[in-house]
Each structure stands twice: as structure tokens, then as C-alpha cells.
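> When you get a sec, could you give me coordinates for this:
(one chain, ligands or ions: 2)
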Amino acid sequence: METKVDEIAEKIYRLSTLVPGTAGPSGLTFNQFLIDADEPLLFHCGQRFLFPSISSAVGKLIPIERLRWITFSHVESDECGSMNEWLAAAPNATAAHGHLGCNIWLKDTAIREPRALSDGEVLDLGGKKVRRLDTPHLPHCWDAGLIYEETTGTLFCSDMFTQAGDGPALAVGDIVGPAIEIERRLAFTPITPKTAPMARKLAALSPRTLAVMHGSSFAGDVSSVLEALAGFYDEVLRAG
Ligand SMILES: [Fe+2]
Ligand SMILES: [Fe+2]
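Ligands and ions are numbered 1, 2, ... in the order given. Just a heads-up that it's a prediction; the model follows:
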């Protein structure tokens, strides 16, 4: 397994590993993001089997012991399967998640006390500022949330905009069409009357970069692609 490293916004690095045979013949990338700041933050841990490859890629950017925060969108193996491996490798790191996720899972599982974040709470990383946004059931799971890095306008959107295959770090073409295609095929988002309004609330942030967990990230008019995805959610809901 090779984990590729690309800077997708200033001092925000995408760590990407293609896992063949997942989600179709072209495979699926599993992407983590390192925000390099005075207090470096890792968003998504990856599954345990990817830990050697991802941690060695992070080690080329910063000494792993410098990691201060480990966070993720929701409880699934690709988002946080290797959380305790990271906590063991980085003794100064704290796992941070929403209050609900801490209560239903993290306080019981993490090898050290986690930090519970409120909706809208900002972690000042020193050079970067990360805001926690509660998005229950978007992309999926009750505890789901996203983070927004305010100095670069980067929205870490987890499984939203999932695309199959090993595309470039930053998309060069349309990401909405491929994202809708895989959502129709796998139906991984539980679409409710609250889903499109949540996506539109994210669009209102006017992000400049979208850090995507599976597939290419995107730089440009992020509000428009979020509005387009919200339109798709509306359409699915109307179709019943
Ligand atoms: Fe997920
Ligand atoms: Fe995921």
C-alpha cells in the first residue's frame, strides 16, 4: 500500500491510500488530513491495517509525537479504527469528537480521556482554527460532525462527495456527477428532510476548499457543489 501526500491548502496535507477492490472495480481511496499548526491535528485515522503506511507518511511531514489532536467525523473503521494506535504513538495527542460521540462511544473506547466539542466550538491550533460542526446523520451515523478550518476556508466533508477510483488530489473536473453516481449505487447517506438544509448551511460558509475523504478534494466554488448535492438530496426525498 502506498500513501500519497499532497498539500491541498496552505499547510493542509491529504494522505491518500488506494484500496483496490473496494466499492467497485476501480477501488476506493481512504484519505486522512493533517493540519500542520502549532498544535497539529489529524482528521480521520484510517483502518488499523493502514496505520503503518499512513503513520509513516505523517512522519515525513512532522514527528508523530507532535500530534496534538486526533479527530474524525463519525464512528466507523475508516474514520477512527486506528485511533488508539495513534494515541499510543503520539502521547501528547487527545481524541476530540462531539459530545454525543464521546458519550456513546469514545469515553469507553479511547485509551485516554477524550475532549468533547460543542457544535460551533473552535479549537485554536496556533496558526489554524478548526470549528466543529454537528451534522447528525450526514454523511451518516448519529454522532456525525464535520470540521471547518477558518483561516484557509477548508471544509472537511468526510464521506460527502465520495468518488470511486484514484483521482488527483484536487479534482480537475466535475465532482458532483461522480458523487451522485456512487451515492445512488451504495445509498450510504440516510436522506431525511434535514439533510438538504444541513448541506445548504455548509454552503453558506462559502468554503474555498473541500477536503474529501474518498476521492479527489476540490478547490473553487464549493458553495455551488454543496448546493448541487443538496438539490440531489431533495430529489431523492421527493422520489420517496
Ligand atoms: Fe463513513
Ligand atoms: Fe469514510
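> drop to CA atoms for contacts and neighbour counts, all remaining ones
Will do.
> and residue 36, what does it touch?
Contact analysis of residue 36 by C-alpha atoms under 8 Å, 6 or more residues apart in numbering lists 11-13.
> Closest one of these to residue 201?
Ranked by distance to residue 201 (C-alpha to C-alpha), these are led by residue 12 at 23.2 Å.
> so the closest one sits right up against residue 32, yeah?
No: applying C-alpha atoms under 8 Å, one finds residue 12 not in contact with residue 32, separated by 10.4 Å.
> quick one: which of the two has more around it?
Taking other C-alpha atoms under 10 Å, residue 12 and residue 32 do not tie; residue 32 has more neighbours (28 against 22).
> contacting residues around the more buried one?
Contacts of residue 32 by C-alpha under 8 Å, 6+ apart are 14-16, 42-46, 213.
> Now it: phi and psi?
For residue 32, the backbone dihedrals (degrees, to the nearest 10) come out as phi -110, psi 160.
> Quick check: bridge partners of it?
As for beta bridges, residue 32 partners with residue 15 under DSSP bridges.
> ok, back up a step: so can I have JSON lines of the contacts of residue 32 showing pLDDT, distance to residue 232 and neighbour count?
Listed next are the contacts of residue 32 as JSON lines, based on pLDDT from 0 to 100; distance: C-alpha to C-alpha, whole Å; neighbours: other C-alpha atoms under 10 Å:
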{"residue": "14", "pLDDT": "98", "distance to residue 232": "27", "neighbour count": "28"}
{"residue": "15", "pLDDT": "98", "distance to residue 232": "29", "neighbour count": "24"}
{"residue": "16", "pLDDT": "98", "distance to residue 232": "27", "neighbour count": "27"}
{"residue": "42", "pLDDT": "98", "distance to residue 232": "30", "neighbour count": "22"}
{"residue": "43", "pLDDT": "98", "distance to residue 232": "27", "neighbour count": "25"}
{"residue": "44", "pLDDT": "98", "distance to residue 232": "26", "neighbour count": "27"}
{"residue": "45", "pLDDT": "98", "distance to residue 232": "29", "neighbour count": "27"}
{"residue": "46", "pLDDT": "98", "distance to residue 232": "28", "neighbour count": "26"}
{"residue": "213", "pLDDT": "98", "distance to residue 232": "20", "neighbour count": "29"}
